[in-house]
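Enquirer: sequence and computational prediction follow.
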Amino acid sequence: MTKGEQALNEREIELQEQMQEVLKKGPRSGQEIQFMTDLAFIDVFRLERLPKGFKMPPIEQYNGKADPVDHLETFKSLMYLQGASDTIMCKAFPSTLKGSARQWFSHLKPLSLSKFIDLGRAFLTNFMSSRIHKTTAANLLAIRQQAREIIREFLTRFNKEALEVRDLDLMVKFQALSSGIRDRKLKESLIMEEPVDMCDLYSRCEKHINLAEVLTVEQERELRIERKGQDRKEPPVSKNKPKENREQREGKRRRDDRAWVSRSDVKPELAYTPLTHRRAYILNEVKDRLTIHWPTKMVKPASEHNKNKYCKFHQDHGHDTEECR
């Protein structure tokens, strides 16, 4: 036997002897083993047992990286639902921690916690840097409807932000939504007849949304029908003649619509003071106050009228009120 083999055998015999000594001594008693999970609590908490039938509610363990307020509020809600006492909440909370959060709790000063509010305050103080910034009432008042954002998308975004504001006053929410709306027609409606409360404001917005969606569908359907009719009527384009683009065709259509205005309504154009409101708005305001001589119907056949345009003065399709001459 070589010297190396002899030394290996001696080491093996030595390890076997050590194992036999450990087995002879037996395991330590529960009093000799120190657990770090409950040293921070006072003796009364450590000695109290869990009530019969108590089950720890399922909750995601906190590792120190997420929002501590969200974790603490979730834990309290679940424990209150089970009617857990302050002592049980203290004993159960360490089981919802892991990683760096678990290490933080194990290093708390022994016998330093006598109630759950002290534990919650220490927890929030230590992990405050991980807290997610919450939306405030000032942030909500700064929200505005964007240029190409429809009112439904704006309401969805506004409600999502409003849910992030804690203890939001309904009057502040009402003012924020009212000032944030930029849709012209809805804004005019809210100014002419102010909503009574938040429920009325939401109801008005919902009616406007439904009306806008219905009109959009109708306009798209009429536009498809009009395009099909134009495709059938348009003669084949000559190879030598350049094809007209869409803007040129729309310009001709507008001139044709104006050409069908009744001759009795045609008057020489004069220089007037520029209007401060749209013609449709002015007509709507004065129609019941003044005696207006309404014009006769336009002579252009109704089948050739542009259904996408309506004149409130002639009360007929063919051109817009703003284009009326």
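Expert: Ah, there it is. Quantities reported herein were computed from a predicted structural model and do not represent experimental measurements.
Enquirer: okay, now the unreliable bits of the stretch 151-300 of the chain?
Expert: Scanning the stretch 151-300 of the chain for pLDDT under 70 picks out the ranges 232-273, 277, 288-293.
Enquirer: how does this protein divide into domains?
Expert: Listed domain ranges for the chain are 43-130, 137-210, 276-325 (source: automatic domain parsing).
Enquirer: show me the helices in the stretch 1-150 of the chain, by range?
Expert: Here the stretch 1-150 of the chain has its helices, by DSSP state H, counting those that start in this stretch, at 3-25, 43-47, 68-81, 86-92, 100-106, 116-126, 137-141.
Enquirer: list the contacts of the fourth one.
Expert: So that's helix 86-92. Helix 86-92 is contacted from outside by 38, 41, 44-45, 48, 50-51, 54, 56, 75-76, 79, 84, 113, 115-116, 119, using Cβ atoms under 8 Å, 6 or more residues apart in numbering. Backbone N, C-alpha and C define where each C-beta goes, glycine included.
Enquirer: burial of V69, as a residue count?
Expert: Burial of V69 is recorded as 18 neighbouring residues (other Cβ atoms under 10 Å).
Enquirer: tell me the contacts of it?
Expert: Shown in contact with V69 (Cβ under 8 Å, 6+ apart): 124, 131.
Enquirer: does A176 touch A138 like I think?
Expert: No - A176 is not in contact with A138 according to Cβ atoms under 8 Å; the separation is 9.7 Å.
Enquirer: which of those two has more neighbours?
Expert: Taking other Cβ under 10 Å, A176 and A138 do not tie; A176 has more neighbours (22 against 10).
Enquirer: ok, now which ones touch that one?
Expert: Taking Cβ under 8 Å, 6+ apart, we find A176 in contact with 137, 140-141, 143, 158, 162.
Enquirer: from S106, how far off is L113?
Expert: The gap separating L113 from S106 is 13 Å, by Cβ to Cβ, to the nearest Å.
Enquirer: make that S95, sorry
Expert: S95 is 13 Å from S106, by Cβ to Cβ.
Enquirer: the helix or strand encompassing F154 - contacts with which helices or strands?
Expert: Using DSSP states H and E, F154 sits in helix 151-162. Contacting helix 151-162 under the criterion 3 or more Cβ pairs under 8 Å, 6 or more residues apart in numbering; DSSP states H and E are the following elements: helix 137-141, helix 170-180, helix 198-233.
Enquirer: can I get that helix in PDB, CA atoms only?
Expert: Provided in PDB are the C-alpha atoms of helix 151-162 (Å, rounded to 0.1, in the frame of the first residue of the first chain):
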ATOM      1  CA  ILE A 151     -63.900  61.500 -27.000                       C
ATOM      2  CA  ARG A 152     -64.300  57.700 -26.200                       C
ATOM      3  CA  GLU A 153     -60.500  57.200 -26.100                       C
ATOM      4  CA  PHE A 154     -60.100  60.400 -24.000                       C
ATOM      5  CA  LEU A 155     -62.700  59.200 -21.500                       C
ATOM      6  CA  THR A 156     -61.000  55.800 -21.200                       C
ATOM      7  CA  ARG A 157     -57.600  57.500 -20.600                       C
ATOM      8  CA  PHE A 158     -59.100  60.000 -18.100                       C
ATOM      9  CA  ASN A 159     -60.900  57.200 -16.100                       C
ATOM     10  CA  LYS A 160     -57.700  55.200 -15.900                       C
ATOM     11  CA  GLU A 161     -55.800  58.200 -14.500                       C
ATOM     12  CA  ALA A 162     -58.600  59.100 -12.100                       C
END
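Enquirer: please begin residue numbering at 33 from this point
Expert: Will do, 33 is the new start, and the previous item becomes helix 183-194.
Enquirer: quick one: contacts of it?
Expert: Residues from elsewhere that reach helix 183-194 (Cβ under 8 Å, 6+ apart): 167, 171-172, 175, 177-178, 181, 200, 205, 208-209, 212-213, 215, 218, 234, 237, 240-241, 244.
Enquirer: now stretch 166-175: buried residues?
Expert: Using 16 or more other Cβ atoms under 10 Å as the test for burial, stretch 166-175 gives 167, 169, 172, 175.
Enquirer: tell me the contacts of the spatially closest residue to the last one that is not a sequence neighbour?
Expert: The shortest distance from I175 to any non-neighbouring residue, by Cβ to Cβ, 6 or more residues apart in numbering, is to G212 (4.9 Å). Contact analysis of G212 by Cβ under 8 Å, 6+ apart lists 175-177, 186, 190.
Enquirer: give me the number of residues near I120?
Expert: Using other Cβ under 10 Å, I120 is surrounded by 20 other residues.
Enquirer: buried ones in stretch 119-138?
Expert: Here stretch 119-138 shows 119-126, 128-129, 133-134, 137 as buried, counting by 16+ other Cβ under 10 Å.
Enquirer: show me where the stretch 233-357 of the chain has helices.
Expert: Going by DSSP H, counting those that start in this stretch, the stretch 233-357 of the chain shows helices at 278-291, 311-318.
Enquirer: where's K219, which helix or strand?
Expert: Using DSSP H and E, the element containing K219 is helix 216-224.
Enquirer: tell me the pLDDT of the residue lying closest to V197 once chain neighbours are set aside.
Expert: Nearest residue to V197 in three dimensions, chain neighbours excluded: T167, at 5.2 Å (Cβ to Cβ, 6+ apart). pLDDT recorded at T167 is 75.
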